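> Pasting the sequence and the predicted coordinates here, then a few questions.
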Amino acid sequence: MTIIIKNKTSKIELEKLLLKFAKSKSKKSLRNVFGKNTIKGDALSIQKKMRNEWD
């Protein structure tokens with residue numbers, strides 16, 4: 001994103017613009033897309049169970 005700063009822009013206005021863009025960012029994580037794994041057990045056994053579902 002681009003912010004155009006003119007010579008007339010005061011320091012207070014500049015800080016307000018920067019805060020506006022800093023707040024809009026959110027933490028991105030794969031958990032937001034895929035969710036949390038609810039299957040209990042060892043990681044290897046979970047993989048084997050999931051791969052067997054494809055067959």
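Perfect, I can see it now. Numbers count the residues shown, from 1 in each chain.
> element containing T2, please.
Element membership for T2, per DSSP states H and E: none, as it lies in no helix or strand.
> And it, what's its pLDDT?
Predicted confidence (pLDDT) for T2: 78.
> That one: what's it in contact with?
By CB atoms under 8 Å, 6 or more residues apart in numbering, T2 lies in contact with nothing. Using the backbone N, CA and C atoms, a C-beta is placed for each residue, glycine as well.
> After the lowest-mean-pLDDT helix or strand in the chain, heading C-terminal, what element do we hit next?
Sorting the helices and strands of the chain by mean pLDDT, DSSP states H and E puts helix 31-34 at the bottom, at a mean of 69. Per DSSP H and E, the first helix or strand lying C-terminal to helix 31-34 is helix 43-54.
> Kindly export that next one (C-alpha atoms) in PDB.
What follows is helix 43-54, C-alpha atoms only, in PDB (Å, rounded to 0.1, in the frame of the first residue of the first chain):
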ATOM      1  CA  ALA A  43       1.400 -37.700  14.800                       C
ATOM      2  CA  LEU A  44       2.400 -40.800  12.800                       C
ATOM      3  CA  SER A  45      -0.800 -42.600  13.500                       C
ATOM      4  CA  ILE A  46      -2.800 -39.600  12.600                       C
ATOM      5  CA  GLN A  47      -1.100 -39.400   9.200                       C
ATOM      6  CA  LYS A  48      -1.700 -43.100   8.600                       C
ATOM      7  CA  LYS A  49      -5.400 -42.700   9.400                       C
ATOM      8  CA  MET A  50      -5.800 -39.700   7.100                       C
ATOM      9  CA  ARG A  51      -4.000 -41.400   4.200                       C
ATOM     10  CA  ASN A  52      -6.100 -44.500   4.600                       C
ATOM     11  CA  GLU A  53      -9.200 -42.400   4.100                       C
ATOM     12  CA  TRP A  54      -8.100 -41.600   0.600                       C
END
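> now for that helix, which elements pack on it?
When contacts are defined as 3 or more CB pairs under 8 Å, 6 or more residues apart in numbering; DSSP states H and E, helix 43-54 packs onto no helix or strand at all.
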